[in-house]
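Participant: Sequence isn't available, so here's the structure alone:
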Ligand code: NDP
């Protein structure tokens, strides 16, 4: 039986890297689909990022993920950006083209929209988005490109909140505004989608919940959380108790993996296999 010992390589550059579960999810998909590929989780310091990218080029890596702190800095080492990555100004997935060029994409928001789409179609809806960090920025841009009509950005620090709302207004077809977050926030009537894109509720602070007036949540609303650990956050528990449908952050993470694999391999990976790989880790 013929062998091919030259495995196509993918992976991740981040620091710290040891707690990132993506390798388990992606390699489970490779195994499930019979792909003789590898995903190598690498800890790369900021001053070594250029060398790491040159190394990936030299070794013919098919692509790689970038996480904290490289999502913006990696852009200087690439040959081009996809549409939403250019608007967001950050890259978390690099894809090697057939001609060898490295193109930066951002799957944070794409994964979110894909997971949300299993619960509701975003087009035409009004959104309240909590948070204005990197994840919120990516989610806002992809929701806007997916056709939501309006995004209200609610964030603790005004400058970051206004920056995200301004970006949506200037660079996408959607409308947006900023609202301060100085007490329990009441979700306006007519809102279809409520998103927590802050880090509130992330393990080990699992008791924490965004300061939202739960009485303002109504059953027509879909409530989505970017927190993947734990998947069933306090916010989602409260939303379900109010009769809302929900989308969890584990779905966002899994769909990012599915989209990344599609970029690299052309394969439509089985999201259920990837979600199970993460749940088997105890997430
Ligand atoms: P950032 O540090 O860039 O942003 C954090 C955001 O949370 C800011 O808007 C910050 O507000 C807000 N925030 C933090 N603590 C509080 C608080 N106590 N009260 C009010 N607001 C608060 O982080 P990221 O955007 O990169 O990540 C945010 C979350 O999204 C993380 O928990 C991460 O795990 C999750 N995430 C999930 C992914 C998935 O696939 N499921 C993918 C990417 C991220 P301020 O601006 O005022 O500081």
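Facilitator: It's in. These figures come from a predicted structure and were not determined experimentally.
Participant: does residue 255 really touch residue 114, like I thought?
Facilitator: Yes. At 4.0 Å, residue 255 counts as touching residue 114 under the criterion of CB atoms under 8 Å. (Glycine included, C-beta is placed from N, CA and C.)
Participant: of all the residues in the stretch 51-200 of the chain, which ones are close to the ligand?
Facilitator: 108, 111, 131-136, 155-157, 160, 197-200 (CB under 6 Å from any ligand atom).
Participant: now do 8 Å
Facilitator: 68, 108, 111-112, 130-138, 155-157, 160-161, 181, 197-200 (CB under 8 Å from any ligand atom).
Participant: for this protein, which spans come out with low pLDDT?
Facilitator: In the predicted model, the chain carries pLDDT under 70 at residues 1.
Participant: Leaving out chain neighbours, which residue sits closest to the residue most central in space within it?
Facilitator: By CA atoms, centre = their mean, the chain has its centre lying nearest to residue 108, at 2.2 Å. Closest residue in space to residue 108, ignoring its immediate chain neighbours: residue 138 at 3.7 Å, by CB to CB, 6 or more residues apart in numbering.
Participant: got the contact list for the one you found?
Facilitator: Residue 138 makes contacts with 84, 88, 90, 106, 108, 109, 112, as judged by CB atoms under 8 Å, 6 or more residues apart in numbering.
Participant: among these, who's most crowded?
Facilitator: residue 112 (30 neighbours; other CB atoms under 10 Å).
Participant: returning to what we had before: mind checking which of the residues of the stretch 51-200 of the chain next to the ligand land in helices?
Facilitator: 108, 111, 112, 134, 135, 136, 137, 138, 160, 161 (DSSP state H).
Participant: Tell me who's in contact with the last one.
Facilitator: Looking back up the chat, that one is residue 161. Here residue 161 is in contact with 132, 153, 154, 155, 178, 179, 180, 181 (CB under 8 Å, 6+ apart).
Participant: do that again at 10 Å, thanks
Facilitator: 129-132, 136, 152-155, 177-181 (CB atoms under 10 Å, 6 or more residues apart in numbering).
Participant: What count of nearby residues applies to the spatially closest residue to it that is not a sequence neighbour?
Facilitator: Of all residues not flanking residue 161 in the chain, residue 155 sits nearest, at 3.3 Å (CB to CB, 6+ apart). As a burial measure, residue 155 scores 24 neighbours (other CB under 10 Å).
Participant: Kindly report the same for residue 247.
Facilitator: Neighbours around residue 247, by other CB under 10 Å: 24.
Participant: and the gap between residue 77 and residue 224?
Facilitator: Distance, residue 77 to residue 224, using CB to CB, to the nearest Å: 32 Å.
Participant: Please say which of these two ends up with more neighbours.
Facilitator: The neighbour count for residue 77 versus residue 224, taken as other CB under 10 Å, is higher for residue 224 (30 against 20).
Participant: circling back to that earlier point, of all the ones in helices among the residues of the stretch 51-200 of the chain next to the ligand, which two lie farthest apart?
Facilitator: 111 and 161 (22.7 Å; CB to CB).
Participant: which residues in the stretch 1-150 of the chain form strands?
Facilitator: Along the stretch 1-150 of the chain, counting by DSSP state E, counting those that start in this stretch, strands occupy 9-14, 38-43, 63-66, 80-81, 93-96, 102-105, 126-130, 150-155.
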